[in-house]
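> fold the following, please.
(chains A and B)
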Amino acid sequence: MTDLEFLLFVPACVCVGAATGGYLLSLIVKKVQVARVSTWILTAGFAFLTLGLILAAFSAQGWGGFGSRHLLSVYAWAVSGLYLALQFKTRTRVLGAFIAPVILVFLIVAAGQGSEKNLIPPAWQGWLTVAHLVLAIAGEALFVLASAAGAMFILQNRLIKHKKTGSMIRFLPSLSDLDRINHIGLLGGFVLLTLGMVGGSVYAAFVWEGTWASDPKVIWTFAVWAVYGILLHQRLAIGWRGVRMAVLSGTVFLLFAVSALVIRFCLPTIHSFI
Amino acid sequence: MIVLVGLNHKTAPLAVRERLFAGCQDLADLPADLLSQGGVREAMYLSTCNRVELLASVEEDSGAETALTDYLARRGALRREEAESCLFLYRDEEAIRHLFRVTSSLDSLVMGEAQILGQVKDAYRQALAKNATGVALNRLLHRAFRTAKRVRTETGIAANPVSVSFAAVELAKKIFGTLAGKKLLVIGAGEMAELTCTHLIGNGAEEITVANRSAAQGTALAEKFHGRAVSLTALDEALGDADIVISSTGAPSYIVTEAMASRCLRKRKNRLLFFIDIAVPRDIDPAVDALENVFLYNIDDLQGIVDENIKNRRREALRAEAIVTEEVANYLNWLRELEAVPTIVSLRSKADGIVRRELEKAGYWLTGLPEGDREKVEALVHGIVNKILHAPMAVMKEESAEFASQDIVAAARQLFRLDD
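Numbering: from 1, shown residues only, chains lettered A, B, ... in the order given. You can find the predicted model right below:
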């Protein structure tokens, strides 16, 4: 990471931290205005992240110049970008209270990473691996959005069901909006993850020609992808939605996240660069 | 002096309010009529279903208050004892506070309702069109509107609904987001169901279906909302299509059972369904509420929301009263400045300040003059300023003696920028 990149990474972390604080404060004081300001702060954080990544892309000599810190920043960038894009459509700013902490965790973990580069073996560096990584990361970012919307749905549903019609119920978005975001997140995430997996498989099978099908990350991702596929099918075919979908999609995502960490740190995998 | 004479829902029974309301209706000449009362300089009247009030700027000790009270009693054909018990008369600070409270909806039957602000604005526009207001009332009304705006934006007095039907609409919005395109099913043709239906349609709901035991009543209600009527036997099918169900029949047992709701959920692929049960005894089996993606609120649940919101409004009213007090103090300060003497003093002191500063600026060449000449120049400058100020100050004093100085004083304060 160059000095200039670092100069952009620090304000990005500060903005995301401030936005997280603001969103959580908005939950306490129950003022949409506070969440609105937090959204602008998050937008500033996103802008710093974007500039930092553009700079990294230019300064890196090929894809190999990217390290773990960069890849985790790409995760944070994708989640915040997709969330902000969603804001223009749904205006559910309060959702940031569940999204911003996730972005902050990505950035904190990224900050804790060493500055090693060339983590991706040079033989793998090509446009297909870039497409594989970007699509998979974007898909997973959409699953984060879906899970956050699902969690907020469960909370709002509980308040309405239990007739707790205080200020919190008015502050949180409507059930319909949250369910729609959950669905968009799952559908978009599934499509992008599918494309990402296809890209990776094509590269591995025809360009790299190494052993990849037995890689734990590949097997587990395929299993999660299949479960998401089943969830989507159930929603479209027999109308699984609402609390059931929120709980299931959240659980699958949690399993996905935990398994990714276990595979990364405990098992031998060809995906150890991320 | 500002005076406010009138009666409202707190001081007068409906019969008296009706009479006075009728007496003040369709009177294009009312503002002119009020100005013709002795000592009244500016006036406007506010007439709504809950109040009839006259607001005026009058000369001190002119007997205008009595004239206005008598005028109102005459208009409403009030007997002496009615007038004494129902009419209130507020002066200066009390009158200003009352107006600010009325405009901010703190004095309304339903505290925080938005309608009153529009009504006061209309009343002011009418008075303005008849040239019945001047500097005092114009400023007073603008201050009242500003106060109302502050109260609405800085407190939560108007934030939450305080009627059962509006509470149902708010809940529906929290379930569906927007009500645009949502389908309504009304079971029974009760008055309350009709009112709730009206509010839901006002918020975008469409496609009304009325299911009623009596076909004639059901059809009449359906036609009113351009919907369709079905019989109660077709309820299963109607439930499958609806998003919001309002039930208010007089049936002794449940009209919608848990089994029916479960069946319809399968048919509608678990789309969210909101039941509003305002019937007593209840029409919808409470077990329905345990189903996923189904929300059931009965009349007690809705009334509970309303009660809570009323409590909140009362709490917010305390904050609103503080804003009113602040704004009353601001207006009174401004009003005091409209008296001639403080303005003359301000004008004199501003002019003296200008003379002093200009003489100081010219000090470098004035010191070159012999002392006698210097004194002559200073006397000349003071003389010119005194001559210029003499006429405006004399007019303010004369008008003040006639109790009509406010317009001129306000103009002088503006022309000489005494408030900067």
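
> so, low pLDDT: which residues of the stretch 151-274 of chain A?
Residue ranges of the stretch 151-274 of chain A with pLDDT under 70: A:207-212, A:269, A:271-274.

> residue in it nearest to chain B?
Residue of the stretch 151-274 of chain A nearest chain B, by Cβ to the nearest Cβ: residue A:239 (2.7 Å). All C-beta atoms are positioned from the backbone trio N, CA, C, and that covers glycine.

> skip the chain neighbours and tell me the closest residue to that residue.
Excluding the flanking residues, the one nearest residue A:239 by Cβ to Cβ, 6 or more residues apart in numbering or on different chains is residue B:269, at 2.7 Å.

> average pLDDT across the helix or strand where residue B:391 lies?
Element membership of residue B:391 [criterion: DSSP states H and E] is helix B:371-401. In this model, helix B:371-401 has an average pLDDT of 85.

> so which elements touch it?
Judged by 3 or more Cβ pairs under 8 Å, 6 or more residues apart in numbering or on different chains; DSSP states H and E, helix B:371-401 is in contact with helix B:340-361, helix B:406-415.

> tell me the secondary structure at the closest residue to residue B:295 other than its chain neighbours.
Nearest residue to residue B:295, sequence neighbours excluded (Cβ to Cβ, 6+ apart): residue B:274, at 4.9 Å. Three-state call for residue B:274 (DSSP: H, G, I helix; E, B strand; the rest coil): strand.

> please apply the same query to residue B:209.
Applying three-state DSSP: residue B:209 is strand.

> list the beta-bridge partners for it.
On the basis of DSSP bridges, residue B:209 is bridged to residue B:185, residue B:228.

> quick one: contacts for the one residue in the stretch 51-200 of chain B that gets nearest to chain A?
Going by Cβ to the nearest Cβ, chain A is nearest to residue B:177 of the stretch 51-200 of chain B, at 3.8 Å. Contact analysis of residue B:177 by Cβ atoms under 8 Å, 6 or more residues apart in numbering or on different chains lists A:173, A:174, A:175, A:176, A:177.

> name the nearest residue to the last one, sequence neighbours excluded.
Sequence neighbours aside, residue B:177 is the residue nearest to residue A:177 in space, at 4.7 Å (criterion: Cβ to Cβ, 6+ apart).

> do the second one as well
Ranked by Cβ to Cβ, 6+ apart and with sequence neighbours excluded, the top spatial neighbour of residue A:174 is residue B:177, at 3.8 Å.

> now the farthest one out in the chain, which residue is it?
I went with chain A, as the question did not name one. In chain A, the greatest distance from the average C-alpha position (Cα atoms, centre = their mean) is reached by residue A:163, at 32.9 Å.

> not quite, I wanted chain B
Of all residues in chain B (Cα atoms, centre = their mean), residue B:370 lies farthest out, 68.6 Å.

> next, give phi and psi for it.
When quoted as degrees, to the nearest 10, the phi and psi of residue B:370 stand at phi -60, psi 150.

> please apply the same query to residue B:90.
Dihedral pair for residue B:90: phi -120, psi 140, per degrees, to the nearest 10.

> so who does it touch?
Residue B:90 is in contact with B:3, B:4, B:5, B:97, B:98, counting by Cβ under 8 Å, 6+ apart.

> what is it paired to in the beta sheet?
Beta-bridge partners recorded for residue B:90 (DSSP bridges): residue B:4.

> do you know how far it is from residue A:89?
Using Cβ to Cβ, to the nearest Å, we find residue B:90 at a distance of 53 Å from residue A:89.

> rewinding a little: can you give me phi and psi for the residue nearest to residue A:174?
Residue B:177 has phi and psi values of phi 80, psi -90 when expressed as degrees, to the nearest 10.

> ditto for residue B:62
Main-chain torsions, residue B:62, degrees, to the nearest 10: phi -100, psi 0.

> point out the residues in the stretch 301-420 of chain B that sit beside chain A.
Contact residues, the stretch 301-420 of chain B versus chain A (Cβ under 8 Å from any Cβ of the partner chain): B:301, B:304, B:305, B:308.

> one more pass at 7 Å, please.
B:301, B:304, B:305 (Cβ under 7 Å from any Cβ of the partner chain).

> hmm, back to that, what is the neighbour count of the residue nearest to residue B:295?
By the measure other Cβ atoms under 10 Å in any protein chain shown, the count of residues near residue B:274 is 23.

> what's near enough to touch it?
By Cβ atoms under 7 Å, 6 or more residues apart in numbering or on different chains, the contact list for residue B:274 reads B:172, B:175, B:243, B:244, B:295.

> how far away is it from residue B:284?
11 Å.

> might you name the residue of chain B sitting closest to chain A?
residue B:269 (2.7 Å).

> now that residue: which helix or strand?
Short version, using DSSP H and E: residue B:269 is in no helix or strand.

> cool, and residue B:44?
Element membership for residue B:44, per DSSP H and E: strand B:40-47.

> helices or strands up against the following helix or strand past that strand?
Going down the chain from strand B:40-47, the next helix or strand is strand B:51-58, by DSSP H and E. In terms of contacts (3 or more Cβ pairs under 7 Å, 6 or more residues apart in numbering or on different chains; DSSP states H and E), strand B:51-58 is packed against strand B:2-8, strand B:40-47, helix B:64-75, helix B:135-154.
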